[in-house]
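>>> Pasting a predicted model and its sequence here:
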Amino acid sequence: MYVAVKGGEAAIANAHRLLADRRRGDRSVPSLRIEQIVEQLALGVDRVMSEGSLYDRELAALAIMQSRGDLIEAIFLVRAYRTTLPRFGYTRPIDTAAMQVERRVSATYKDLPGGQLLGATFDYTHRLLDPELATDAEVATPEQREGDGQRMARVSEILAHEGLIEADGELPEDHLTGDITREPLEFPMERDIRLQALSRGDEGFLLALGYSTQRGYGRSHPFVGEVRIGEVELELDVPELPFPISLGRIRVTECQMVNQFKGSAKAPPQFTRGYGLVFGQSERKAMAMSLCDRALRAGELGEDITAPAQDEEFVISHSDNVQATGFVEHLKLPHYVDFQAELDLVRRMRGEHEKRQATDQTETREAAE
Amino acid sequence: MDRRQERELETARKTAMAALSLAPVDELKRLCAAAGISGEAEMLRGPETGLVSVRGRIGGGGAPFNFGEATVTRATVRLPSGEIGHSYALGRDKDKARLSAITDALWQNADRRADIEEKVIAPLRAAQAEADATSRAETAATKVDFFTMVRGED
């Protein structure tokens, strides 16, 4: 027999009304505006776009506001929204060498063409809290300097000339680019699908896994060949036009991780690479992604798979924070019937256990006598 | 029109449409109003918002992969004079999509093209070029100038 228990409608409605009130907070404090979040909490917005896997600053900012700053909840909202829209197509692949660069650093080459451009970075700040920020003090306009405006070749192109670094990752000619939003995950997977999953993966999870490889769990001797941040143009082929139409620009962060590799039966000694590419300005995520990408290529490169970061099924199945939070958080929803059944079962097992113990004791006593 | 002229026209239209898709909506509205572009057109499609899947390349130049989606709004219009115009741009702005499509339709009328180029496309392009130049100059000011310190005597 199955008995449905109803109730809670009023409680739920009132809880949501209370949520709206608490979200707004003290009415004497001005309400946030979407533009303020877009402009002043820009990196939080970027994280929601990258893990929500949807590039739209205003929507990400709205989600942050609605979720009271809970970024995983905001990511969830964005993912839910994207399912309501039709798909117009796949863009042409972006060209990061043609990027309007806002930051570009290399830890492997001091004097690379175009130079080391620090851009707007937290690096080299002293990490001291600045009380002046709370006073609405005037902020100086940025310094300007004549730039050469030249196209900045990716650092991998520079290293490639010596032949000591592997080429950009190619897949077989007849390979159709995978899409995890259209087909279910299947293991083992190709690198294109893995990169798609990693690009939307949880920053904290990928950061911890990347860190684990540095600490020796699947060591890969990484160097940041290059990190670059800036705007790239998106182009889409559409049937109504004889040319690819420009959709505008998006900001992305790209990381080329270069790894020492002593060679294996499958590949000669050379530098191998891990790749990171994410929406917005998100260096930590792009770096963590590239470390994980490299670790997950262990099988392809003939390395022993010994560490969690090298285990494709483990990493990719647990990298999505919307899935993770859904499954963890569902535990707090009513499980009354399940639990009653379990309670019955444990009671019965306990009864049998006690009976068995009593019998055992009697038998031991009898044997001793 | 021979094939070469046709290609040149296509390239010109492509760059004009690119300027429209990058345009901030308020600026586009202002320029269109100043150029006397009325909102009068038959909507054949949209404006409608959807998604594109954004592709990158493994290692920057290798095989393509999808790394996320982006919102895009598009529109198709027909002018009373018959020209059909299209627009596609990132974001969800329906006014921008409609105005861009109308501008594209007008651009295809050879009599209006020079006027549209001068009053709408050129100012948009100039504003974007200036913003890019500023951003480049601000980034250039953060370029590291390495120098070598010689310590001690040889």
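Cool, got the structure.

>>> how about the strands in chain B?
Using DSSP state E, the strands of chain B run over B:42-57, B:64-78, B:84-90.

>>> The ones you listed: which one's closest to residue A:119?
Closest of these to residue A:119 is strand B:42-57, at 20.3 Å (criterion: Cβ to Cβ). Yep, even glycine has a C-beta here, placed from its N, CA and C like the rest.

>>> Check whether the closest one comes near chain A.
Yes. Using Cβ under 8 Å from any Cβ of the partner chain, strand B:42-57 reaches chain A at B:48, B:49, B:50, B:51, B:52, B:53, B:54, B:55, B:56, B:57.

>>> Report the buried residues of that strand.
Residues B:46, B:47, B:48, B:49, B:50, B:51, B:52, B:53, B:54, B:55, B:56, B:57 are the ones in strand B:42-57 that count as buried (16 or more other Cβ atoms under 10 Å in any protein chain shown).

>>> Quick one: work out the angle between that strand and strand B:64-78.
170 degrees (axes from the mean of the first three to the mean of the last three Cα atoms, to 10 degrees).

>>> Check which strands are paired with strand B:42-57 and give the direction for each one.
Using DSSP bridges, strand B:42-57 pairs in its sheet with strand A:87-90 (parallel), strand B:64-78 (antiparallel).

>>> Grab the most central residue of the chain for me.
By default, I'm working from chain A. Central residue of chain A (Cα atoms, centre = their mean): residue A:201, 2.9 Å from the mean position.

>>> Actually, chain B is the one I wanted.
Nearest to chain B centroid, counting by Cα atoms, centre = their mean: residue B:18, 2.7 Å.

>>> any idea how far chain A is from that residue?
4 Å (Cβ to the nearest Cβ, to the nearest Å).

>>> which residues touch that residue?
A:233, A:245, A:246 (Cβ atoms under 8 Å, 6 or more residues apart in numbering or on different chains).

>>> what does residue A:161 give?
So residue A:161 contacts nothing (Cβ under 8 Å, 6+ apart).

>>> where does it fall, phi/psi-wise?
Main-chain torsions, residue A:161, degrees, to the nearest 10: phi -60, psi -30.

>>> Surely residue A:228 forms part of a strand?
Yes. Going by DSSP: H, G, I helix; E, B strand; the rest coil, the assignment for residue A:228 places it inside a strand.

>>> Apart from its chain neighbours, what residue comes closest to it?
Residue nearest to residue A:228 in three dimensions, not counting chain neighbours: residue A:104, with 4.2 Å by Cβ to Cβ, 6 or more residues apart in numbering or on different chains.

>>> for residue B:93, same thing?
residue B:25 (5.1 Å).

>>> Could you report the neighbour count for that neighbour?
Residue B:25 is flanked by 16 other residues according to other Cβ atoms under 10 Å in any protein chain shown.

>>> Run the chain-centre distance for the helix or strand harbouring residue A:77.
In this assignment (DSSP states H and E), residue A:77 forms part of helix A:71-82. In terms of Cα atoms, centre = their mean, to the nearest Å, the centre of helix A:71-82 is set 13 Å apart from its chain centre.

>>> one step back: there's contact between the residue nearest to the centre of chain A and residue A:53 in this structure, I believe.
No. Counting by Cβ atoms under 8 Å, residue A:201 does not reach residue A:53; the two are 9.9 Å apart.

>>> so where do the helices sit in the stretch 51-200 of chain A?
For the stretch 51-200 of chain A, the helices defined by DSSP state H, counting those that start in this stretch occupy A:57-66, A:71-82, A:155-160, A:191-199.

>>> Looking at those helices, which is nearest to chain B?
Closest to chain B of the helices of the stretch 51-200 of chain A, according to Cβ to the nearest Cβ: helix A:191-199, at 3.7 Å.

>>> Quick one: name whatever helix or strand follows the closest one.
Heading C-terminal from helix A:191-199 (DSSP H and E), you reach helix A:203-214.

>>> how about that next one against chain B, any contact?
No. Using Cβ under 8 Å from any Cβ, helix A:203-214 stays clear of chain B, coming no nearer than 13.8 Å.

>>> From the contact counts, what lies against that helix?
For helix A:203-214, the elements it packs on are helix A:42-52, helix A:283-295, judged by 3 or more Cβ pairs under 8 Å, 6 or more residues apart in numbering or on different chains; DSSP states H and E.

>>> tilt between that helix and helix A:71-82?
Going by the same axes, to 10 degrees, helix A:203-214 makes 120 degrees with helix A:71-82.

>>> between helix A:203-214 and helix A:191-199, how big is the angle?
On the basis of the same axes, to 10 degrees, helix A:203-214 is oriented at 120 degrees to helix A:191-199.

>>> correct me, but residue A:144 touches residue B:142?
No. Counting by Cβ under 8 Å, residue A:144 does not reach residue B:142; the two are 10.4 Å apart.
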